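Need coordinates for the following:
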Amino acid sequence: MRLPRGGKVLEQKDGVALVGLPVHPRKRYPVWRIDALEEDIRRAEENIRTFRAHIEEQEKVIEERRQQISVCEERDRAITQWERDRANSDFPPGDEDHPGAGS
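Here you go, the predicted model:
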């Protein structure tokens, strides 16, 4: 008896052989399709490009907000100094926050 490659006689009794045959490759390997896997790769790469663009946008927002915080801190220091100078002067506090006030 000629067996396929990978096949073997497991048991033989009274002229009857129990044969173990190799598993068909369709049952041994996943049922994936190459075209579907390639499409998944393409979509994943596109997602990465989209995410990178979004990350770059968010990094720009962060930098802009840091610059704005710096301006706010400068403003707050200027206000504090102005109020300190005004309090130490002979002039009463005015309503300088409104346009045309003090004119």
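
Quick one: distance of stretch 24-32 to the chain centre.
Taking Cα atoms, centre = their mean, to the nearest Å, one finds stretch 24-32 lying 34 Å from the centre of the chain it belongs to.

now the end-to-end length of that stretch.
Stretch 24-32 has an end-to-end distance of 16 Å (Cα to Cα, to the nearest Å).

what's the average pLDDT for stretch 88-102?
For stretch 88-102, mean pLDDT rounds to 65.

Please apply the same query to stretch 13-29.
Mean predicted lDDT for stretch 13-29 stands at 80.

now stretch 33-40
For stretch 33-40, the per-residue pLDDT averages 97.

so how far is that stretch off the chain centroid?
Using Cα atoms, centre = their mean, the offset of stretch 33-40 from its chain centre is 23 Å.

Tell me the buried residues in it?
Going by neighbour count (16 or more other Cβ atoms under 10 Å), nothing in stretch 33-40 comes out as buried. Just so you know, the C-beta spots here come from the backbone N, C-alpha and C atoms, and that holds for glycine as well.

In this structure, mark out all the strands, start to finish.
Assigned by DSSP state E, the strands in the chain fall at 8-13, 16-20.
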